[in-house]
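# Need coordinates for the below:
(one chain, ligands or ions: 1)
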Amino acid sequence: MFEALQPRPNDAIMELMQKCKADEREHKIDLGVGVYKDASGQTVILKSVKLAEEMWGREETTKTYVGTTGNQDYCADMLALMLGADHPAISEGRIGASQTAGGSGALRLGAELLKVVAPEATVWASTPTWANHIPLISEAGLRMGSYPYYNRETLGVDFEDMLDYLDKNAKRGDIVLLHGCCHNPTGADLSPEEWDRLAPFMLERGLFPYIDLAYFGLGRGMAEDTYGLRKMIEVHPEVLLAASCSKNFALYRERTGLIAAITKSAEKAQIAQSQFGAIQRKLISMPPDHGAAIVTRILRDENLRGIWESELDDMRERMRGLRQLLSEALDVQGGEAMSRAVKDQNGMFSTLPLSPAQAERLRSEHAIYMMNSGRMNIAGANASNIPRLAEAILDVL
Ligand SMILES: Cc1ncc(COP(=O)(O)O)c(C=O)c1O
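Model prediction:
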C-alpha cells in the first residue's frame, strides 16, 4: 500500500524551528514560530484560562458529543465579542454559525460552504498571505488568485494597486479573502479609511467578503481590530467570517475557532448553519469541546472576563512596546523605512525587506532566527535583546 509513498518537502517553519532548537548559542533570538511569547520566551497558559478550567473541571458532567455545529453559547458569545452584543445582525438572527477546530477549521468549513454556493468563483488572497490559506481553501475545490497587497519597498499596503487589480481581474461573484487585522505575514493592515473605501468598492463590483480574524484584540484593541469586519457587515448584506481563539485566548492546541455566515434573513442564517453542520459532519464529524467551553466560561463570568481582558491588553501592549523599541533602534541611516513600518504595523508579524541570503546571515552570524521571507514574530524578542536585533538587521542589509 505505501510502496509508492514519497516524503513531502519539509515545511519551512518547521525546518526553521529545528535549526533554532539545535543552535546552542545562548544569546539566540527565535523570531520564527507564530505563537505569542512572554518576556521570558514562554507561551504560557493565561490565568483566566487556568481559572476557567478549574471551575469547568468541577462542573463538567459529561463528555458526550457537542453536536455538528458545536457549542452554540460559545458561537453567540464570540459574535457578541467581535460585533458588540447589540449588533443588528445578531438581534435580527441573521447569523448562522458553527464552532470549528481552530481558525484553520473555520477557513476550511467556510471554503466548503462557498464551494456549494459558488463553485465557479475565484477566491482572491493578498500577496503575500498566510501560507496555509492556499491549501485550506484550494483543497476545498475552489480556484484561487492573488491580488497585490504588500509593497516590500515602502513596507506598507499598496491599496491603490489592490483596488486596481481587483477591478480589472475579479469578476462578479468572486470572493475576496481579507485579514481582518494583524495581517500575517506582514503586520501591514488596512486603515479605517481604506476599509471605508474597500467595502463599497467591493459591493459595487459584486465581490464577496471572506474575513479571516485570527488575531483580534492583539493589534490595537478590540474595537480597532474588528473595525474592518463591522464595516463590511454594515455595507454588505452577506459576509463570511472565520475567527480563531488560538492567539487571543492562547488556546492554540485546544483548536477553538468559529465560522459565521452573515446573511440577509434569519431563515437563510438557519440554512447556512445547517449546512455548516452537515459539512463539518463529513469533515471531522464534530468539533472538540474544551476550548469553546473555556472561552464561554470566561466571557460569561465578570471576574474571569476582566482578568482575560487585562491579559489580552498585556500581550498587545508588550508587542507594541517592542515595536516602539525596535523602531527607535532602527531609526538610523538605511533603517528609516523599517523603523516607520515596525512601529505602524500590528500584531505579531512584520516582514522585513531581507533576502533569503540576508536571513541566513542573521542565523549564522547573529543567531537570529526569522523566515527566509523576512517575516519575524516580534513577540520572540525582549527589551534586552532588541538593540542587538536592530544592529544585526542593519549589519546584514
Ligand atoms: C492569518 C491566520 N489565519 C488563521 C490562522 C489559524 O489559526 P488556528 O487554526 O491555529 O486557530 C492563523 C494561524 O496562524 C493565521 O495566521
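
# Please name the nearest non-neighbouring residue to N151.
The spatial neighbour of N151 that comes closest, neighbours along the chain excluded (Cβ to Cβ, 6 or more residues apart in numbering), is D158 at 4.6 Å. Bear in mind the C-beta positions are built from the backbone N, C-alpha and C, glycine included.

# residue contacts, the residue most central in space within the chain?
By Cα atoms, centre = their mean, the mean C-alpha position of the chain lies nearest to A214, the distance being 2.7 Å. Each residue near A214 by Cβ atoms under 8 Å, 6 or more residues apart in numbering is listed here: G103, W130, H179, G180, C182, N184, A242, A243, S244, S246, K247.

# If we use 7 Å, what do you get?
Neighbouring residues of A214 by Cβ atoms under 7 Å, 6 or more residues apart in numbering: G103, S244, K247.

# Helices along the stretch 1-150 of the chain, start to end?
Per DSSP state H, counting those that start in this stretch, the stretch 1-150 of the chain carries helices over the ranges 12-22, 47-59, 72-83, 88-91, 102-117, 133-138.

# just the stretch 251-397 of the chain next, same as before
Using DSSP H, counting those that start in this stretch, the helices of the stretch 251-397 of the chain run over 266-283, 290-300, 302-330, 336-344, 356-366, 386-396.

# Most tightly packed of those helices?
Most buried of the helices of the stretch 251-397 of the chain by mean neighbour count (mean count of other Cβ atoms under 10 Å) is helix 290-300; its value is a mean of 23.

# Keep only those of the contacts of A214 that are also close to the ligand.
Among these, the residues within reach of the ligand (Cβ under 6 Å from any ligand atom) are G103, S244.

# Which of the contacts of A214 are buried? Put it as a PyMOL command.
In PyMOL syntax, the buried subset of these is picked out as below (16 or more other Cβ atoms under 10 Å):
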select buried, resi 103+244+247
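
# In CSV: the contacts of A214, plus distance to I137.
Below are the contacts of A214 laid out as CSV (distance: Cβ to Cβ, whole Å):
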residue, distance to I137
G103, 13
S244, 15
K247, 20
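
# Okay, the residue nearest to M286 when sequence neighbours are not counted and the ligand: tell me how far apart.
What sits nearest to M286 in space, not counting adjacent residues and going by Cβ to Cβ, 6+ apart, is Y65, at 5.1 Å. Look at Y65 and the ligand: by Cβ to the nearest ligand atom, to the nearest Å, they are 21 Å apart.

# same check, this time on D314
20 Å.

# and stretch 247-267, how far apart are its ends?
33 Å (Cα to Cα, to the nearest Å).

# Ok, stretch 150-157 next?
5 Å.

# Out of the helices of the stretch 1-150 of the chain, which gets nearest to D313?
Proximity to D313 (Cβ to Cβ) singles out helix 47-59 among the helices of the stretch 1-150 of the chain, at 12.0 Å.

# could you check the angle helix 302-330 makes with the closest one?
Taking axes from the mean of the first three to the mean of the last three Cα atoms, to 10 degrees, helix 47-59 and helix 302-330 form an angle of 150 degrees between their directions.

# Pull out the buried positions in helix 47-59.
S48, V49, L51, A52, E53, W56.

# Touching it from outside, list them.
F249, A250, L251, A293, I294, R297, I298, L304, I307, W308, E311.

# Let me see the confidence value for I13.
pLDDT, I13: 89.

# ok, back up a step: now tabulate the contacts of A214 in a markdown table and tack on pLDDT.
Putting the contacts of A214 into a markdown table (pLDDT from 0 to 100) gives the following:
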| residue | pLDDT |
| --- | --- |
| G103 | 98 |
| S244 | 98 |
| K247 | 98 |
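
# and which of the contacts of A214 is nearest Q333?
Distances from Q333 to those, taken by Cβ to Cβ, are shortest for K247, at 35.3 Å.

# quick one: that closest one and L213 touch, right?
No - the criterion here is Cβ atoms under 7 Å, and K247 misses it with L213 at 10.5 Å.

# Close to the ligand: what parts of this protein are there?
34, 102-104, 130, 179, 184, 212, 214, 244, 246, 252, 257.

# Show me the two of those that sit farthest apart.
H179 and Y252 (18.5 Å).

# Between these two, point out the one with more neighbours.
H179 (27 against 17; other Cβ atoms under 10 Å).

# residues in contact with the more buried one?
So H179 contacts S126, D212 (Cβ under 7 Å, 6+ apart).

# can you pull up the bridge partners for it?
In this entry, H179 is beta-bridged to D212, by DSSP bridges.

# And it, how far from V66?
Counting by Cβ to Cβ, to the nearest Å, the gap from H179 to V66 is 29 Å.

# Same question for K19.
In this view, K19 and V66 are 39 Å apart by Cβ to Cβ.

# So for the two, which residue has more residues nearby?
Neighbour totals were compared for K19 and V66, and V66 leads with 19 against 13 (other Cβ under 10 Å).

# wait, isn't that one in contact with M286?
Yes - counting by Cβ under 7 Å, V66 does reach M286; the two are 5.7 Å apart.

# Give me the local confidence score for the residue nearest to the centre of the chain.
Looking at A214, its pLDDT reads 98.

# got it, and L46?
For L46, the predicted pLDDT is 98.

# can you pull the contacts of it?
Contacts here follow Cβ under 7 Å, 6+ apart; on that basis L46 touches F249, A250, W308, E311.

# Identify the residue nearest the third one in space, chain neighbours excluded?
Going back to what we said before, that points to W308. In space, and not counting its chain neighbours, W308 is closest to S48: 3.7 Å by Cβ to Cβ, 6+ apart.

# Please report the distance of that neighbour from the ligand.
18 Å.

# do Q270 as well
Here Q270 is placed at a distance of 26 Å from the ligand (Cβ to the nearest ligand atom).

# Without its sequence neighbours, what residue ends up closest to that residue?
G96 (6.2 Å).

# Could you report the neighbour count for that neighbour?
Neighbours of G96 using other Cβ under 10 Å come to 24.

# now do the one 5 residues further on
Using other Cβ under 10 Å, A101 is surrounded by 21 other residues.

# Check whether it really touches P287, as I assumed.
Yes - counting by Cβ under 7 Å, A101 does reach P287; the two are 5.4 Å apart.

# Many thanks, have a good one.
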